[in-house]
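# Quick check, what structure comes out for this input:
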Amino acid sequence: MKKFIHLLLAVFVVCPVSYAFTSPGNGADSGTGGAIPATKNVLWHYFPDKDVKNPTQNTNVLVMSNQYEDFAAQDLEANTSGINFASLNVSSYVPQPADFSGYDAVLLFEDGIFNNTIDVGNAIYNYQQGGGGVVLATFVDQDWSNNTKYGPRPGWGNLESVSPLISDTQGCEYNADNMGTILDPGHPIMNGVNSLYADSYRGGTQLSPDGTALALWSTPNFLGTNDPIVAIYTPVTGGRTAAISVMPHYGNFGGFSGDYYRLFQNALQWVAGGNDSNVVPPLHQESNLIMTSSDYSNFSTLAYYNAMKINHSGVDLALSRYGTRTASKVSAGKEVHAICDGTVEFTHSDGGLYSFMKVHHPDCNGQDIMAYYGHISPYEVSTEVIKDDPVGTIKDWANNSHVHLTLDTKTNRDLKSIKYEICSFTLDAATNTVTSLTNCGGTSLTRGKIKLKIGWGQVKTLAYRDNQGHLHNTSNFYINENAMRQLGFIDFFDLY
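Numbering: from 1, shown residues only. Below you'll find the model as predicted:
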């Protein structure tokens, strides 16, 4: 019986192993699948923008400090995802407009007071007013204009007017503390941030008049209040700002634990405008690889139907080198990530190339969906996953290595096994295209109805009765995007 179940899964899921992907001008890539005939050549392509930031595009961050900026940039890049870091020492240098070019956000901190802060602060303020995101971190509070511990300090110029935190007048607290109250667990910055411990180098802040705290340290500060760990401000003009009262170069010293790196990652992506969405791509961009699909394997494409005589209910996603468009074999073994918060409902680990994971995502930017992550080696994960959690790795399918992602809005329809549905339909007879599917349900194939075979990766038309009631047992029609969406399936990029 087990072998029979595997056969059903293998017969009714996506993408043939016999198709390889070629690079233009270079002939076929090597691989067990061989080359696609010229009429079926498939070139991977980069998706266009779907939101303020492309969901597959990394956030670019410039780290500024009077020292340790290089270490902070390298450490954060090694321990976060979706962000490229660069660094700039500002101990005696005033950033120029050209220095900010190409960066979505700036992370500013200091280690030891210095006298260049007004000019640096004004330069960052001008960047923020132009729409750039800014995150401030320990020890900027020690040069704040209201800090009296180190004598009168010059302050950070106009930047102070858009900060969500200011100094508590004494600056950093050199004692240990844990995360206390989380005030806004639903904010994108707090996604996946549930704990934090620092043995020193933290706190010493209070809210500015315009700041909103998201989480607090457990122990009261010099003023008798609990310092905010992280606070935000969205000014009337310019980009967003956030402030974190722990130093970003802690990795050089040790003595911290919890969701430290996730906090910085979320804050930087939020100020950059890249994680308002509670949806993330299932594959992480790398230094020379981006998430792509192809004209052949997109959602409900005619090219896929023409090649397979079956309809593609999801999208195939892989990593490739943009520009050279190499084959998707580089995707084998890459991690696949949960696109939203959700609950793992089923894992099929021993189906070879057709192994998959079924996850219920009740709120992907307002969409309640059942997601099927196919052609992966699923991890043994807890029942609950949060967005961006790794859920498995892509199976090695030579040049055809990819993750298939089907999103089904009919969450009660369990597609871990084959289902059959009968629907009213509209057929464009000239092109043999089903253009609408409505009133699905029932078991009788009556006049004007069509019978569908539905799996977690594909949909096939089986038989229909025409308007005169005549039965046609050998129908095989292309289902266009409109009809596929009426059937309940959506494209991953519909979520943005």
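# just the helices in the protein please.
2-11, 69-79, 117-129, 260-271, 302-308, 481-486 (DSSP state H).
# Can you tell me which of those is most buried?
helix 260-271 (a mean of 25; mean count of other CB atoms under 10 Å). (C-beta placed from N, C-alpha, C; glycine too.)
# helices or strands next to that one in the packing?
Helices and strands in packing contact with helix 260-271 are listed as strand 59-65, helix 69-79, strand 83-89, strand 105-108, strand 133-137, strand 196-198, strand 226-233, strand 241-244; criterion 3 or more CB pairs under 8 Å, 6 or more residues apart in numbering; DSSP states H and E.
# so how far is it from its chain's centroid?
With CA atoms, centre = their mean, to the nearest Å as the basis, helix 260-271 stands 13 Å off its chain's centre.
# contacts for it?
59, 61, 76, 79-83, 105, 107, 133-135, 137, 188-193, 196, 198, 229-230, 232, 239-242, 244, 246, 248, 250, 275-276 (CB atoms under 8 Å, 6 or more residues apart in numbering).
# now, of the helices and strands packed on helix 260-271, which is deepest in the fold?
The most buried one of the helices and strands packed on helix 260-271 (mean count of other CB under 10 Å) is strand 241-244, showing a mean of 29.
# Note down every partner strand of it and its orientation.
Strand 241-244 has its sheet partners listed here by DSSP bridges as strand 133-137 (parallel), strand 226-233 (antiparallel).
# Need the nearest residue in space to Lys147, chain neighbours excluded.
In this structure residue 147 is Asn, not Lys. Spatial nearest neighbour of Asn147, excluding adjacent residues (CB to CB, 6 or more residues apart in numbering): Ser167 at 4.3 Å.
# ditto for Ser195
Gly258 (3.8 Å).
# Verify the stated contact: that neighbour with Gly192.
No: look at Gly258 against Gly192 with CB atoms under 8 Å: they stay out of range, at 10.9 Å.
# Just put the strands paired with strand 241-244 in CSV and tack on mean pLDDT.
Formatted as CSV, the strands paired with strand 241-244 follow (pLDDT from 0 to 100):
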stretch, mean pLDDT
strand 133-137, 96
strand 226-233, 92
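# could those strands go into a markdown table alongside distance to Asn147?
Output for the strands paired with strand 241-244, formatted as a markdown table (distance: least, CB to CB, whole Å):
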| stretch | distance to Asn147 |
| --- | --- |
| strand 133-137 | 14 |
| strand 226-233 | 14 |
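# Thr461 is nearest to which of those strands?
In terms of CB to CB, the element of these nearest to Thr461 is strand 133-137, at 48.9 Å.
# Helix 69-79 and that closest one, what's the angle between them?
110 degrees (axes from the mean of the first three to the mean of the last three CA atoms, to 10 degrees).
# Just give me how far strand 133-137 sits from the chain centre.
The answer for strand 133-137 is 21 Å, by CA atoms, centre = their mean.
# same thing with stretch 120-127?
Using CA atoms, centre = their mean, the offset of stretch 120-127 from its chain centre is 30 Å.
# Export that stretch to PDB, keeping only CA atoms.
Provided in PDB are the C-alpha atoms of stretch 120-127 (Å, rounded to 0.1, in the frame of the first residue of the first chain):
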ATOM      1  CA  VAL A 120      27.800  62.900  11.300                       C
ATOM      2  CA  GLY A 121      24.300  63.200  12.800                       C
ATOM      3  CA  ASN A 122      23.300  65.900  10.400                       C
ATOM      4  CA  ALA A 123      24.500  63.900   7.400                       C
ATOM      5  CA  ILE A 124      22.500  60.900   8.500                       C
ATOM      6  CA  TYR A 125      19.500  63.100   9.200                       C
ATOM      7  CA  ASN A 126      19.600  64.400   5.600                       C
ATOM      8  CA  TYR A 127      19.700  60.800   4.400                       C
END
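# what does it contact?
64, 90, 94-97, 100, 106, 108, 134, 155-162, 239.
# From those, list just the buried residues.
64, 90, 95, 100, 106, 108, 134, 155-160, 162, 239 (16 or more other CB atoms under 10 Å).
# Mind checking the helices of the chain for the one nearest to Leu183?
helix 260-271 (14.1 Å).
# could you check the angle helix 117-129 makes with that closest one?
In terms of direction (the same axes, to 10 degrees), helix 260-271 departs from helix 117-129 by 60 degrees.
# In PDB, list the C-alpha atoms belonging to helix 260-271.
The C-alpha trace of helix 260-271 is given here as PDB (Å, rounded to 0.1, in the frame of the first residue of the first chain):
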ATOM      1  CA  TYR A 260      20.000  39.200  19.400                       C
ATOM      2  CA  TYR A 261      20.800  38.800  15.600                       C
ATOM      3  CA  ARG A 262      17.100  38.400  14.700                       C
ATOM      4  CA  LEU A 263      16.400  41.700  16.500                       C
ATOM      5  CA  PHE A 264      18.900  43.600  14.400                       C
ATOM      6  CA  GLN A 265      17.900  41.900  11.200                       C
ATOM      7  CA  ASN A 266      14.200  42.700  11.700                       C
ATOM      8  CA  ALA A 267      14.900  46.300  12.700                       C
ATOM      9  CA  LEU A 268      17.100  47.000   9.700                       C
ATOM     10  CA  GLN A 269      14.700  45.400   7.300                       C
ATOM     11  CA  TRP A 270      11.700  47.300   8.800                       C
ATOM     12  CA  VAL A 271      13.400  50.700   8.600                       C
END
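# Next, the angle from it to strand 59-65.
Going by the same axes, to 10 degrees, helix 260-271 makes 110 degrees with strand 59-65.
# Just want the angle from helix 260-271 to strand 83-89.
90 degrees.
# Helix 260-271 - what's its average pLDDT?
Confidence for helix 260-271, expressed as mean pLDDT, is 93.
# What's the separation between the most centrally placed residue in the chain and Ser320?
By CA atoms, centre = their mean, the chain has its centre lying nearest to Val280, at 1.9 Å. For Val280, the distance to Ser320 equals 19 Å [CB to CB, to the nearest Å].
# picking up where we left off before, quick one: which of the strands paired with strand 241-244 is nearest Leu462?
The nearest among these, by CB to CB, is strand 133-137 at 52.4 Å.
# Using CSV, write out every CA atom in the closest one.
Extracted C-alpha coordinates of strand 133-137, given in CSV (Å, rounded to 0.1, in the frame of the first residue of the first chain):
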residue,chain,number,x,y,z
GLY,A,133,16.0,54.0,7.1
VAL,A,134,18.1,54.5,10.2
VAL,A,135,18.8,52.2,13.2
LEU,A,136,20.6,53.7,16.2
ALA,A,137,22.4,51.4,18.7
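# List the contacts of the residue sitting furthest away from the middle of the chain.
Farthest-out residue of the chain from its mean C-alpha position, per CA atoms, centre = their mean: Gln468, at 49.6 Å. Shown in contact with Gln468 (CB under 8 Å, 6+ apart): Arg447.
# can you check Gly151 too?
Per CB under 8 Å, 6+ apart, neighbours of Gly151: none.
# Over to Gly204?
138, 141-142, 167-168, 170-173, 221-222, 227, 245.
# Hmm, which of those residues is lowest in pLDDT?
For these, the pLDDT minimum is Gly171, 74.
# so what's the backbone phi/psi at that residue?
phi 80, psi -170 (degrees, to the nearest 10).
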